[in-house]
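Visitor: model this:
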Amino acid sequence: MTQIVVLPNVDLCPDGAVIQAEPGQTVCDALLANDIEIEHACEKSCACTTCHVIVREGFNSLESADELEEDMLDKAWGLEPQSRLSCQAVVTDTDLVVEIPRYTINMVSEGKK
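Guide: Numbers count the residues shown, from 1 in each chain. Purely as a prediction, here's the structure:
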């Protein structure tokens, strides 16, 4: 099992958390399996940026983002060099520290069509 340290997020995880993930599982699935309700408006199909996370430690253990993910990340709020879409970031055997940004861009929740 791989350990994921989730830094505090006011809305989703106020005290932070330490969770376990199986190698091969996505960061998004690991968060959801541990009751951290990260948004995933496109149902994890790499078609939005609502599951954006910043990998503070262990970033280099993840496979590189593909072109589609890179294109989507360009639209994410608070983009940083260690940003990933959690639905695309597959856990290896290296522990991770992730931060869920305070805001996300979700056209549906913002009342736009």
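
Visitor: ok, now which ones touch the residue nearest to the spatial centre of the chain?
Guide: By C-alpha atoms, centre = their mean, the chain has its centre lying nearest to Ser86, at 2.9 Å. By C-beta atoms under 8 Å, 6 or more residues apart in numbering, the residues touching Ser86 are Thr26, Val27, Cys28, Leu31, Ile38, His40, Cys51, His52, Val53, Val98. Just so you know, the C-beta spots here come from the backbone N, C-alpha and C atoms, and that holds for glycine as well.

Visitor: One more: Asp11?
Guide: Arg102.

Visitor: Gln20 too?
Guide: For Gln20, the contact set (C-beta under 8 Å, 6+ apart) comprises Met1, Thr2, Gln3, Ile4, Ala30, Asn34.

Visitor: Filter these down to just the ones in helices.
Guide: Ala30 (DSSP state H).

Visitor: Out of the contacts of Gln20, give me the one that has the most neighbours.
Guide: Using other C-beta atoms under 10 Å as the neighbour test, the contacts of Gln20 are led by Ile4, with 25 neighbours.

Visitor: Could you report the pLDDT at that residue?
Guide: pLDDT, Ile4: 98.

Visitor: same thing with Thr104?
Guide: As predicted, Thr104 sits at a pLDDT of 77.

Visitor: is it fair to say it lies in a helix?
Guide: No: under DSSP: H, G, I helix; E, B strand; the rest coil, Thr104 falls outside any helix and is assigned coil.

Visitor: Low-confidence regions, the protein specifically.
Guide: Residues of the chain that meet the criterion pLDDT under 70 lie in 105-113.

Visitor: now the helices for it?
Guide: 27-33, 67-73.
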